[in-house]
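*Asks:* sequence and predicted structure below; questions after.
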Amino acid sequence: VAVSLSVDVPQSARMYCYYLGGKDFYPADEAAAEKVLAVVPGLRVGARANRAFLHRAARVLVQDGVDQFLDIGTGMPVAPNLHEVVQGWNRAARVVYVDHDPLVLVHARALLTGSREGRTGFVDADVRDPAFILEAAAEWLDLSRPVAVSLGAVLHFIPDIDKPAGVVADLMGALAPGSCLVLSHGTGDFRPVQADQGVQVYQHSGITVRVRSRSEITALVPAGMEIAAPGVVSVHRWWAESGALDVEDGEIGIYGLLARKR
Ligand SMILES: C[S@@+](CC[C@H](N)C(=O)[O-])C[C@H]1O[C@@H](n2cnc3c(N)ncnc32)[C@H](O)[C@@H]1O
């Protein structure tokens with residue numbers, strides 16, 4: 001079931017766009033996002049750090065020779081977007097964007113046109129339907145070769161009852177050896193009271209959030225995959241570049257990891 005198209009109902013993609021300083025949100029999203037920021041003020045810097053992590057991980061993968069990306073839970077376009085990052089390194093890289101918010105897809109289709117040599121595709125789907133996502137993505141990606149799956153700040157919208165680990169296992173299980181997983185996920189490990197207040201605000205806006213501990217997030221990585229160095233760490237520390245953010249993990253509240261399928 002796609003999310004509501006009503007602009008009066010806050011949506012996670014548009015709230016996140018607001019945290020990032022983008023421009024694709026409505027007053028209802030801004031009001032909900034401000035309520036979250038009132039209890040979790042680090043979210044603005046956390047959102048930026050999360051995006052920077054996803055891009056660093058993508059760069060590592062392109063340098064490793066991965067040239068196909070499946071980005072699930074894309075979010076509103078905010079430059080640079082994934083295809084701009086990876087096609088900047090390899091013009092022929094292919095990127096498929098997947099989101100369940102129809103408005104994200106409208107904006108993405110309009111803005112995220114890729115390089116002439118590469119390909120950029122769009123799929124309107126829920127992350128909880130991996131079989132559909134893979135079938136649709138096959139229009140652009142060669143699934144007999146390695147694919148990097150990016151799940152950036154999306155699985156914390158999937159409650160335990162929907163078995164997020166099973167979703168990831170189904171996705172990665174269908175992909176070729178050498179395929180990779182880039183995952184980021186909100187946590188309450190560092191500031192549990194604050195995280196819980198943030199979760200409550202989302203809940204009041206009609207959005208389910210389930211922050212997870214480091215071990216719960218590690219358990220989302222399917223058997224048969226190896227978590228690469230530096231492991232499961234705060235996104236701003238993952239192969240941080242010189243001049244990187246000098247803030248506490250609690251300010252960020254998001255773990256990131258990269259794993260490879262043997
Ligand atoms: C916080 S944004 C993250 C955007 C981007 N991946 C990043 O990390 O910068 C979460 C995105 O996941 C999408 N999303 C949330 N639940 C989803 C679901 N069940 N299936 C597909 N997409 C979902 C939202 O529409 C939103 O675009």
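*Replies:* Looks like it arrived, so ask away. Numbers count the residues shown, from 1 in each chain.

*Asks:* may I have the helix ranked longest in the chain exported as CSV, CA atoms only?
*Replies:* Longest helix in the chain by number of residues, with DSSP state H as the criterion: helix 43-63. Coordinates of each C-alpha in helix 43-63 appear next as CSV, following Å, rounded to 0.1, in the frame of the first residue of the first chain:
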residue,chain,number,x,y,z
LEU,A,43,18.9,15.1,13.9
ARG,A,44,19.9,17.9,11.4
VAL,A,45,23.6,17.0,11.7
GLY,A,46,22.7,13.3,12.0
ALA,A,47,20.8,13.4,8.7
ARG,A,48,23.8,15.1,6.9
ALA,A,49,26.2,12.7,8.5
ASN,A,50,24.0,9.8,7.3
ARG,A,51,24.0,11.0,3.8
ALA,A,52,27.8,11.6,3.8
PHE,A,53,28.3,8.0,5.1
LEU,A,54,26.1,6.6,2.3
HIS,A,55,28.2,8.4,-0.3
ARG,A,56,31.5,7.4,1.2
ALA,A,57,30.3,3.8,1.2
ALA,A,58,29.2,4.1,-2.4
ARG,A,59,32.6,5.5,-3.3
VAL,A,60,34.4,2.5,-1.7
LEU,A,61,32.1,0.2,-3.7
VAL,A,62,32.7,1.9,-7.0
GLN,A,63,36.4,1.8,-6.4
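
*Asks:* which helix or strand lies directly C-terminal to that helix?
*Replies:* Scanning forward in sequence from helix 43-63, with DSSP states H and E defining helices and strands, the next element found is strand 68-72.

*Asks:* average pLDDT for that following strand?
*Replies:* Regarding strand 68-72, the rounded mean pLDDT is 97.

*Asks:* sheet partners, orientation included, of that strand?
*Replies:* Partners of strand 68-72 in the sheet, by DSSP bridges, are strand 94-99 (parallel), strand 148-152 (parallel).

*Asks:* re earlier: do the longest helix of the chain and the ligand meet?
*Replies:* Yes. Contact check for helix 43-63 against the ligand, using Cβ under 6 Å from any ligand atom: residues in range are 50-51, 54. No exception for glycine: its C-beta is placed from N, CA and C like everyone else's.

*Asks:* gap between the strand or helix carrying V123 and the chain center?
*Replies:* With elements taken from DSSP H and E, the one containing V123 is strand 119-124. Centroid separation between strand 119-124 and its chain, computed with Cα atoms, centre = their mean, to the nearest Å, is 16 Å.
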